[in-house]
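> Sequence and predicted structure, then a few things I'm wondering about:
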Amino acid sequence: MMLMMLLLPALIMFIVSLFKHPKAKFLLPVSSFAILLPMVELFLLPKPYAIAGTYLIADELDTYILLVSSIVGIGVTLALLTLDKHVKVSANAYRRFYRFFAVFWVGLTLSILANHMGIYWIGLELATLSTVYIIKTNHTRAAHKEAWNYMIVGAIAISLVLFGIILMYASAKPILGEEAMRFDLLLSQAKAIPSPFLFEMGFAISTVGMFVKMGFFPMNLWLANIERASFYPVAALFSGMLESAVVIGFFRFSDIAAKVNYSHLFGFVFVYTLLTIFIVSFLIFRAKDFMRLFSLSGVEHMALIVLFWVSGGTFAALLHFGAHAFLKPALFLSTGVLESNGKYRIAGALRGYKGERGTLFWVLVSLFLLAIISLPPSPMFFSELYGFAAMIHTAKQSHHMLAMIGAVLLLLILLSVIFYRFVVVYQSMKYEGKAEEKKVYSSELAALLLFAVCLAALLLPASLDYLRSIV
């Protein structure tokens with residue numbers, strides 16, 4: 001019953017997308033709001049809660065990530081009401097966008113709740129394939145080209161994940177049999193796995209696949225190219241929802257790998273994420289438009305989340321994840337307004353707004369821009385403090401204290417490069433260029449307000465206590 005309630009909004013969205021009446025699109029945000037009813041019930045139920053036997057199980061981590069992703073979905077549906085006001089989109093393409101968005105939501109839900117590596121992979125594949133068609137709703141040569149590019153890169157990434165799952169399954173099958181696909185049993189029996197090297201190889205291969213899907217080294221630009229070529233709500237889906245399904249898989253796999261051999265896990269992930277942030281920081285410095293700037297910044301933040309998680313900073317990683325999931329879609333959705341008078345125009349983008357809606361819009365966007373670079377009281381400011389503290393604490397348990405301090409200093413230098421670039425962009429948006437009139441619609445403002453309220457809610461004592469309780 002609970003599974004049906006969680007999938008019902010996507011089902012309603014799919015059915016409504018078949019209607020050709022122009023007023024039907026106003027039912028779509030209502031369908032996305034329906035997800036809040038089962039989510040409230042899920043929070044109240046004892047954890048872990050079996051949604052579908054041992055295959056789909058909701059614990060505190062699943063519930064939190066699913067709630068965050070659902071709120072992002074609500075914000076995206078609100079902003080989609082006025083998509084045709086900013087870009088050229090046919091009625092048929094608009095309906096197809098929602099049709100595949102519904103399929104995407106189903107895959108996302110399965111991946112987040114999966115207690116089975118096979119089901120996790122099926123959900124991730126379903127979400128991946130549906131986004132290919134979502135990208136193609138923008139009928140331009142660039143969008144069609146990037147959709148094929150995404151198909152190729154996505155196929156490579158998802159194949160790596162699948163191959164890694166096969167190796168991890170094979171490593172634990174002698175002691176768990178056919179149940180070796182279950183996350184909970186793998187975690188409880190991690191130290192007894194007879195072939196730890198085989199498991200570590202599978203974990204490394206799966207992790208590379210998941211990192212590629214998040215735009216990590218060595219494929220740092222494909223995600224930015226896709227988000228630039230497609231409609232701006234697609235970027236919000238990638239940053240706030242698809243990456244949720246990917247990162248929870250990493251959380252599950254890495255928890256098991258930490259029990260198999262923590263030093264190998266930390267060394268591998270640490271070097272990979274540090275290299276990714278090093279490259280991305282200079283790509284951000286050279287970014288010339290909003291979509292690439294925000295997309296590359298998202299890669300940097302996902303790398304920090306991964307690094308904090310393996311450093312033992314679970315609280316820092318989850319707080320950073322929530323802040324990123326609300327901030328980045330808000331900035332991507334605001335791009336539809338910021339670029340409404342011409343793409344790639346940064347100078348003067350925060351000028352030319354009139355009335356209460358216009359004033360509220362540029363104030364919110366300004367706050368989002370300053371929050372994404374971790375200025376207090378942004379949740380990212382606190383998550384990075386806790387995250388770097390966790391890294392130092394981890395180093396104290398080993399003989400690599402000086403190396404960790406040096407690595408943290410290097411990270412701070414790279415983050416300073418990103419900070420400087422965002423400040424320059426903000427100054428250009430606010431103080432340079434011509435003030436051209438831009439129109440803000442109520443549904444777009446409602447989406448941004450929703451994200452702003454959720455960001456503030458992350459800093460409530462009850463929210464922070466809940467995040468600390470997730471182990």
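Noted; the coordinates are in hand.
> Residue 129: neighbouring residues, count only.
Neighbour count for residue 129, taken as other C-beta atoms under 10 Å: 17. For every residue, glycine as well, the C-beta is placed using N, CA and C.
> distance between the lowest-mean-pLDDT helix or strand in the chain and the chain's centre?
Within the chain, confidence by mean pLDDT, DSSP states H and E is lowest for helix 27-33 among all helices and strands, at a mean of 82. Centre-to-centre, helix 27-33 and its host chain are 21 Å apart (C-alpha atoms, centre = their mean, to the nearest Å).
> so what secondary structure elements neighbour it?
Under the contact criterion of 3 or more C-beta pairs under 8 Å, 6 or more residues apart in numbering; DSSP states H and E, helix 27-33 touches helix 2-16, helix 60-80.
> among those, which is the most enclosed?
Comparing these by mean neighbour count (mean count of other C-beta atoms under 10 Å), helix 60-80 ranks first with a mean of 23.
> Now the element after it, going C-ward?
Note on helix 60-80: by DSSP states H and E, the next helix or strand toward the C-terminus is helix 91-113.
> Buried residues in whatever helix or strand comes next after that next one, which are they?
Downstream of helix 91-113, the next assigned helix or strand under DSSP H and E is helix 117-135. Residues of helix 117-135 classed as buried by neighbour count (16 or more other C-beta atoms under 10 Å): 117, 119-135.
> likewise stretch 202-215?
Within stretch 202-215, the residues that count as buried by 16+ other C-beta under 10 Å are 202-215.
> can you give me the offset of the one helix or strand residue 445 maps to from its chain's centre?
Per DSSP H and E: residue 445 is located in helix 442-458. Between the centre of helix 442-458 and the centre of its chain there are 17 Å (C-alpha atoms, centre = their mean).
> Kindly report the same for stretch 370-381.
That offset, for stretch 370-381, works out to 17 Å (C-alpha atoms, centre = their mean).
> Stretch 57-67 now?
15 Å.
> How about stretch 433-452?
With C-alpha atoms, centre = their mean, you get 22 Å for stretch 433-452.
> Which residues outside it are in contact with it?
Identification of contacts with stretch 433-452 by C-beta atoms under 8 Å, 6 or more residues apart in numbering yields 29, 71, 74-76, 78-79, 81-82, 85, 326-327, 329-330, 333-334, 336-338, 340-341, 345-349, 351-354, 357-358, 360-361, 364-365, 367-368.
> and if you look at stretch 375-391?
Contacts of stretch 375-391 (C-beta under 8 Å, 6+ apart): 301, 304, 307-308, 311-313, 315-317, 319-320, 322-324, 327, 370-374, 404, 407-408, 411, 415, 455, 458-459.
> same check, this time on stretch 417-424
281, 282, 284, 285, 287, 293, 297, 300, 369, 372, 373, 374.
> mind listing what's buried in the least confident helix or strand of the chain?
28, 29, 31, 32.
> Tabulate those residues (CSV), appending distance to residue 219.
Listed next are the buried residues of helix 27-33 as CSV, based on distance: C-beta to C-beta, whole Å:
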residue, distance to residue 219
28, 33
29, 34
31, 34
32, 31
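> and of those residues, the nearest to residue 145?
Closest to residue 145 out of these is residue 28 (28.4 Å), distances taken as C-beta to C-beta.
> The closest residue to the closest one other than its chain neighbours and residue 25: what is the separation?
Counting by C-beta to C-beta, 6 or more residues apart in numbering, residue 28 lies nearest to residue 77, which is 5.4 Å off, once chain neighbours are set aside. Applying C-beta to C-beta, to the nearest Å, the value for residue 77 to residue 25 is 9 Å.
> Among the buried residues of stretch 202-215, which ones are in helices?
Secondary structure from DSSP state H places 202, 203, 204, 205, 206, 207, 208, 209, 210, 211, 212, 213 of those in helices.
> Please identify the nearest residue in space to the second one, excluding sequence neighbours.
Ranked by C-beta to C-beta, 6+ apart and with sequence neighbours excluded, the top spatial neighbour of residue 203 is residue 257, at 4.6 Å.
> related to what we said a few turns ago, could you save the buried residues of stretch 202-215 as TSV and add columns showing pLDDT and distance to residue 463?
Below are the buried residues of stretch 202-215 laid out as TSV (pLDDT from 0 to 100; distance: C-beta to C-beta, whole Å):
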residue	pLDDT	distance to residue 463
202	96	35
203	96	31
204	96	34
205	96	36
206	96	31
207	96	29
208	95	33
209	94	32
210	94	27
211	94	28
212	92	32
213	90	28
214	90	25
215	88	28
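> will you turn those residues into CSV that also has distance to residue 20?
Listed next are the buried residues of stretch 202-215 as CSV, based on distance: C-beta to C-beta, whole Å:
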residue, distance to residue 20
202, 48
203, 48
204, 49
205, 46
206, 43
207, 45
208, 44
209, 40
210, 39
211, 42
212, 39
213, 35
214, 37
215, 37
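> quick one: contacts for the residue of the chain positioned farthest from its centre?
Computed with C-alpha atoms, centre = their mean, the residue of the chain farthest from its C-alpha average is residue 174, at 35.4 Å. Residue 174 is in contact with 194, 195, counting by C-beta under 8 Å, 6+ apart.
> Repeat the analysis, applying 6 Å as the threshold.
Residue 174 makes contacts with residue 194, as judged by C-beta atoms under 6 Å, 6 or more residues apart in numbering.
> Could you list the low-pLDDT ranges of the protein?
Low-confidence segments of the chain (pLDDT under 70): 340-344.
> ok, the spatially most central residue of it to residue 170 distance?
Among the residues of the chain, the one closest to the centroid is residue 243, at 3.3 Å (C-alpha atoms, centre = their mean). For residue 243, the distance to residue 170 equals 28 Å [C-beta to C-beta].
> swap in residue 425?
48 Å.
> The two: who's more crowded?
More crowded of residue 425 and residue 170, by other C-beta under 10 Å: residue 425, with 19 against 14.
> With adjacent residues omitted, what lies nearest to the more buried one?
The shortest distance from residue 425 to any non-neighbouring residue, by C-beta to C-beta, 6+ apart, is to residue 346 (5.9 Å).
> The one you found: what secondary structure?
Secondary structure state of residue 346, per DSSP: H, G, I helix; E, B strand; the rest coil, is coil.
> So it sits against residue 428, correct?
Yes - between residue 346 and residue 428 there is a contact under C-beta atoms under 6 Å: 5.2 Å.
> more crowded one of those two?
In this view residue 346 and residue 428 are compared by other C-beta under 10 Å, and residue 346 has more residues nearby, 20 against 16.
> how close does the more buried one sit to residue 307?
29 Å.
> next one: residue 66
Going from residue 66 to residue 307 by C-beta to C-beta gives 23 Å.
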